[in-house]
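> Build the 3D model from these lines:
(2 chains)
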Amino acid sequence: MKCQKCAKPATFHITDVIEKGKHQEFHFCDEHARQHLAPPEDAAEAPPIGELAKKLASHAGVGSAPPTLREPSPADKQVCPVCQITFLEFRNSGRLGCPYDYEVFRDELMPLLESIHGETRHSGKVPKRAPRNTQQQTTLIQLRNELKRAVAAEDYEAAAKLRDKIKEIEQDQD
Amino acid sequence: MTLDDLTRTSGEWLRGTGPESDIVMCSRIRLARNLADFPFTNRASRNEKAGIESQVRSAVDAAGVEAAYFDVNAMSDLDRQFLVERQIISRELAAGEGPRGVAVTPKENISIMVNEEDHLRIQYMLSGFRLPEVWDEINALDDQLEDDIAFAYSSSLGYLTACPTNVGTGIRVGVMLHLPGLVANKQIDKVFRALQKINLAVRGLYGEGSQAFGDFYQISNQQTLGKSEEEIIKILTDVVPQVLQYERSARQELVTGRRQHLHDQVSRAYGVLKTAQTISSEETMLLLSSVRMGVNLGLIDDLSIATVNELFIQTQPAFLQKLRGSELDSDQRNVARASLLRSRLANGRAVEDE
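Numbering: from 1, shown residues only, chains lettered A, B, ... in the order given. Got it, this is the predicted structure:
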């Protein structure tokens, strides 16, 4: 792929989160990537989501040089077994797919949380009642996903079984 | 309560009551919450979103909250915009897709958005500077909802949210401030830079990325992880009074140093709003801001602050069209806006200078 601004090969692939839910991708050579990432004068006024994009760019690729830029890494290919989102999809959208992603992408997310919040441990409200069995809840998300796929594939036998399993767990929770 | 009922009332947060309400329009807290057994909204299917919606609706009913539920998916674009203008829903919810909606109480203090970026965005607003009170209310509401819904929560990371910027407490604590004095003496950017240095965000009237208008600004926390709700609220309750002090001395300077100029500006603004035959939204905001400051400084004495506050919302495009009961183009809206302003301000006059 060529750089969008010149004929050199694009070595950097940058995703800017413009506003919630909207993003734009850029493919630049080293020099133009640097220009693109140079903070604009009103950077201080940028909405938080812009900050997030910057932090994603700088922190998700730990160890790659220069630190503010990165190429797609093995971490990007990680997939959440529960909601099927890849880390790359998260990087592009700024949105995780399910609560379990915080476990799956833990190693990548921790530096990001550190840079957003300056801390990595919750201090504050604890739900009044004991949280329900988290394993069950994760399983539920997963089973519903499988159900969707079974229905799409018109495998109604599997779908019926999955539906029963989901009902069983849901009733168990109530 | 229907959407049309809302055109005849206005939110409690516009009443102009409560401490410091000459500058603090309202105090607002929102909590981001997600159901533990569903993917986040952006990853949920229509069926899953419908399931989330029905669970939240029954939890709201069970909590005994007297709220109307509006199906945002089924409503017209105009109605969506109408709710955005009233601060009841976000632009993101309006622009979303699939099953989604909002539960609203009649005084509009509480709004619970369903299937926004997070499954629930619980919002509580009160007029004036009353953050601890708002926290007590919303915390109790959150507890009640938690009786019915298992929220995604981890002991190390707190409440789990679709965007890592909200994880932990999931809280956004904010105040909406009217700062015409700091805009006039051009100190506003300096104040904002100072706030940003201590990690507070400054936004316009309609939230993230929206341009400040009418000299209204929202100041809110950004950090949600590692500090408790009370600690975050304390940052705001410590810092906001300083901003209020800057604004008050800026206004005082205007009154003492350039009284005639200020009085002239305020009276002209009032005069234009009372007599214009066609007026844009931008001009209205600008002039209403002058008038609001004029009322607070005693330069206008026959107009309530609540009326001025309401006019900021009621002169917005969707409200005007709801009021007329038909779609209006920009020129028609400018005429309708001027007509509304003339009738609402008909009996007002500026104070005679001594």
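> Which helix or strand lies directly C-terminal to the helix or strand of chain A with the lowest mean pLDDT?
Using mean pLDDT, DSSP states H and E, helix A:48-59 stands out as the lowest-scoring helix or strand of chain A, at a mean of 54. The helix or strand immediately downstream of helix A:48-59 is helix A:87-93, counting by DSSP states H and E.
> what about the helix or strand just after that next one, near chain B?
Downstream of helix A:87-93, the next assigned helix or strand under DSSP H and E is helix A:101-104. Yes. Helix A:101-104 is in contact with chain B by CB under 8 Å from any CB of the partner chain, via A:Y102. Yep, even glycine has a C-beta here, placed from its N, CA and C like the rest.
> what about B:L131, how many neighbours?
Counted by other CB atoms under 10 Å in any protein chain shown, the residues lying close to B:L131 total 22.
> List the contacts of it.
Residues near B:L131 by CB atoms under 8 Å, 6 or more residues apart in numbering or on different chains: B:S27, B:I29, B:V173, B:V175, B:I233, B:L236, B:T237.
> how close does it sit to B:I233?
Distance, B:L131 to B:I233, using CB to CB, to the nearest Å: 5 Å.
> What of B:Q222?
According to CB to CB, B:Q222 stands 14 Å off from B:I233.
> Of these two, which one has the most company?
A side-by-side neighbour count of B:Q222 and B:I233, using other CB under 10 Å, places B:I233 first with 20 against 17.
> unless I'm mixing things up, that one is touching B:D136, no?
No. Counting by CB atoms under 8 Å, B:I233 stays clear of B:D136, with 10.4 Å between them.
> need the contact list for the residue of chain A found nearest chain B.
Per CB to the nearest CB, A:E119 is where chain A lies closest to chain B, at 2.5 Å. Listed by CB under 8 Å, 6+ apart, the contact partners of A:E119 are A:L113, B:Q223, B:L225, B:G226, B:K227.
> And B:R172, by the same measure?
Taking CB under 8 Å, 6+ apart, one finds B:I29, B:R30, B:A32, B:N166, B:S220, B:N221, B:T224 in contact with B:R172.
> what secondary structure does the first one sit in?
Spelled out, it's B:I29. With DSSP: H, G, I helix; E, B strand; the rest coil as the basis, the three-state label of B:I29 is strand.
> which residues does it bridge with?
Beta-bridge partners recorded for B:I29 (DSSP bridges): B:Y124, B:V173.
> quick one: the residue in the stretch 201-350 of chain B positioned nearest to chain A and A:I116, what's the gap?
Minimum separation of the stretch 201-350 of chain B from chain A (CB to the nearest CB) falls at B:G226, amounting to 2.5 Å. Per CB to CB, B:G226 is found 10 Å from A:I116.
> coming back round to it: quick one: common contacting residues for B:L131 and B:I233?
Common neighbours of B:L131 and B:I233, counting by CB under 8 Å, 6+ apart, are B:I29, B:V173.
> What's the local residue count around A:E89?
17.
> Just the pLDDT for it.
For A:E89, the model assigns a pLDDT of 94.
> could you list every residue that touches it?
Residues near A:E89 by CB under 8 Å, 6+ apart: A:G97.
> which regions of the stretch 251-354 of chain B lie under the pLDDT threshold?
By pLDDT under 70, the low-scoring segments of the stretch 251-354 of chain B are B:347-354.
> One more: chain A?
A:1-2, A:7-25, A:29-31, A:33-72, A:129-133, A:173-174.
> same thing but 50
Low-confidence segments of chain A, defined by pLDDT under 50: A:39-47, A:60-69.
> Let me see the domain layout of it.
Structural domains assigned to chain A are A:12-66, A:71-117, A:134-173, following automatic domain parsing.
> With chain B instead?
Taken from automatic domain parsing, chain B resolves into B:4-252, B:258-345.
> The first one: end-to-end distance?
With CA to CA, to the nearest Å as the measure, the first residue of domain B:4-252 is 42 Å from its last.
> Could you check how far B:R86 is from chain A?
B:R86 sits 20 Å away from chain A, going by CB to the nearest CB, to the nearest Å.
> Would you confirm that that residue contacts B:V102?
No. The pair B:R86 / B:V102 is not scored as a contact, 10.5 Å apart, by CB under 8 Å.
> contacting residues for the residue lying closest to B:S228 once chain neighbours are set aside?
Among residues not flanking B:S228 along the chain, A:G124 sits closest, at 4.0 Å (CB to CB, 6 or more residues apart in numbering or on different chains). Residues near A:G124 by CB under 8 Å, 6+ apart: B:G158, B:G168, B:T169, B:I171, B:K227, B:S228, B:E229, B:E231.
> thinking the fourth one is in contact with B:S228, fair?
Meaning B:I171. No. The criterion here is CB under 8 Å, and B:I171 misses it with B:S228 at 9.4 Å.
> Who has more neighbours out of those two?
Using other CB under 10 Å, the more surrounded residue of B:I171 and B:S228 is B:I171, with 28 against 16.
> can you list the weak-confidence ranges in chain B?
B:354.
> chain center to stretch B:182-198: distance?
Centroid separation for stretch B:182-198 versus its chain: 21 Å, with CA atoms, centre = their mean, to the nearest Å.
> Can you point out the buried residues in that stretch?
B:L182, B:V183, B:A184, B:N185, B:Q187, B:I188, B:V191, B:F192, B:L195 (16 or more other CB atoms under 10 Å in any protein chain shown).
> Please apply the same query to stretch A:106-126.
Buried residues in stretch A:106-126, counted by 16+ other CB under 10 Å: A:E108, A:L109, A:P111, A:L112, A:L113, A:I116, A:H117, A:T120, A:H122, A:G124, A:K125.
> ends of it, how far apart?
In stretch A:106-126, first residue to last residue: 21 Å (CA to CA).
> Considering only the buried residues of stretch B:182-198, which also neighbour chain A?
Among the buried residues of stretch B:182-198, proximity to chain A is found for B:F192 (CB under 8 Å from any CB).
> Of the buried residues of stretch B:182-198, which is the nearest to B:F213?
Nearest to B:F213 out of the buried residues of stretch B:182-198 is B:V183 (CB to CB; 10.9 Å).
> Would you agree the closest one is in contact with B:D215?
Yes. With contact defined as CB under 8 Å, B:V183 reaches B:D215; the gap is 5.1 Å.
> just the helices in the stretch 251-354 of chain B please.
Secondary structure of the stretch 251-354 of chain B (DSSP state H, counting those that start in this stretch): helices located at B:259-275, B:281-296, B:305-314, B:317-324, B:330-344.
> Which among those is found nearest to A:Y100?
With respect to A:Y100, and counting by CB to CB, the nearest of the helices of the stretch 251-354 of chain B is helix B:317-324 at 39.2 Å.
> Going by neighbour count, list what's buried in that closest one.
Applying 16+ other CB under 10 Å to helix B:317-324 flags B:P317, B:A318, B:F319, B:L320, B:Q321, B:K322, B:L323 as buried.
> What separation is there between the closest residue to the fourth one other than its chain neighbours and B:A67?
Nearest residue to B:L320, sequence neighbours excluded (CB to CB, 6+ apart): B:A336, at 4.7 Å. For B:A336, the distance to B:A67 equals 30 Å [CB to CB].
> What is the most widely separated pair among the contacts of A:G124?
Farthest pair in the contacts of A:G124 (CB to CB) is B:G158 and B:E231. Separation: 13.3 Å.
> Out of those two, name the residue with the larger neighbour count.
More crowded of B:G158 and B:E231, by other CB under 10 Å: B:G158, with 26 against 14.
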